[in-house]
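*Asks:* can't give you the sequence, but here's the structure:
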């Protein structure tokens, strides 16, 4: 199946065609994808959900390997029909796990694509304090001075991880208000690969859904929030 995206409006977006592969329920890959993005171009991702669609500006120049990985998985249908399995009220919503396609909710949040992508974060460009840098270093994280990082903020698209250099397929979107102190706590640990630039009202509608087990580490939305597909294109 092939996807074609053409958007006509205030800005003119050049359509790009990606061949979409059909992946199996337990699809994983043996190695990280090669670089498929042209870093001279600007990439966007339209995420279609059962509640509506929103568009993300990908930070391919700031996080080339991680943005490329997200685009690669999207164009291969990896995220199709997966669910947002974790939602912390007024803070973040997390998805990108193909385990959500099966009937066993116990393994939701434990899936990955079969490989890891290293973090792409520059602590200096985030103006982190020396104490924060020391804390992150003690946890095994490192700064990459060859990149210019974007800070976490409301509507940031961020790679989820389970420690240093463990980015794979899962991601989260920040929904907290700008003055929420929890946002600054995450800066330096997570790779920000984009930001929602349109359709934020869809996210606001989604994040108004009540959650189950709100005091746990993995509160679940009480209603199914499903990614129908993700189309990546350039402008």
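*Replies:* Received it, and whenever you're ready, just let me know what you need. All values derive from a computational prediction rather than experimental measurement.
*Asks:* ranges for the helices of this structure?
*Replies:* Applying DSSP state H to the chain gives helices spanning 64-75, 130-138, 181-186, 200-206.
*Asks:* show me what contacts residue 118?
*Replies:* For residue 118, the contacting residues are 65, 165, 167, by Cβ atoms under 8 Å, 6 or more residues apart in numbering. C-beta here means a position set from N, CA and C on the backbone, and glycine is covered the same way.
*Asks:* spatially central residue for this structure, please.
*Replies:* residue 171 (3.4 Å; Cα atoms, centre = their mean).
*Asks:* now it: how far from residue 91?
*Replies:* The gap separating residue 171 from residue 91 is 15 Å, by Cβ to Cβ, to the nearest Å.
*Asks:* and for residue 58?
*Replies:* From residue 58 to residue 91 the distance is 22 Å (Cβ to Cβ).
*Asks:* out of these two, which sits in the busier spot?
*Replies:* Set residue 58 next to residue 91 and count neighbours by other Cβ atoms under 10 Å: residue 58 wins out with 24 against 17.
*Asks:* bridging residues for the more buried one?
*Replies:* Note on residue 58: beta-bridge partners by DSSP bridges are residue 194.
*Asks:* how about residue 167?
*Replies:* When assigned by DSSP bridges, residue 167 has beta-bridge partners residue 117.
*Asks:* so for residue 53, which of the helices of the chain sits nearest?
*Replies:* helix 200-206 (6.6 Å; Cβ to Cβ).
*Asks:* and the closest one, what does it pack onto?
*Replies:* Counting contacts by 3 or more Cβ pairs under 8 Å, 6 or more residues apart in numbering; DSSP states H and E, helix 200-206 packs against strand 52-58.
*Asks:* what packs against the strand it packs on?
*Replies:* strand 43-49, helix 64-75, strand 192-198, helix 200-206.
*Asks:* out of the ones you listed, flag the one nearest residue 128.
*Replies:* Here strand 192-198 is closest among the helices and strands packed on strand 52-58 (Cβ to Cβ), at 13.7 Å.
*Asks:* any idea how far the closest one is from the chain center?
*Replies:* Here strand 192-198 is found 9 Å from its chain centre; the criterion is Cα atoms, centre = their mean, to the nearest Å.
*Asks:* which parts of it are buried?
*Replies:* 192, 193, 194, 195, 196 (16 or more other Cβ atoms under 10 Å).
*Asks:* and if you look at stretch 52-69?
*Replies:* In stretch 52-69, counting by 16+ other Cβ under 10 Å, buried: 54-60, 62-69.
*Asks:* nearest to residue 73, of the buried residues of strand 192-198?
*Replies:* residue 193 (11.8 Å).
*Asks:* isn't the closest one up against residue 160?
*Replies:* No: the pair residue 193 / residue 160 is not scored as a contact, 11.0 Å apart, by Cβ atoms under 8 Å.
*Asks:* show me where the chain has strands.
*Replies:* 2-4, 17-19, 43-49, 52-58, 86-88, 92-95, 156-159, 171-174, 192-198, 211-212, 220-221, 227-234 (DSSP state E).
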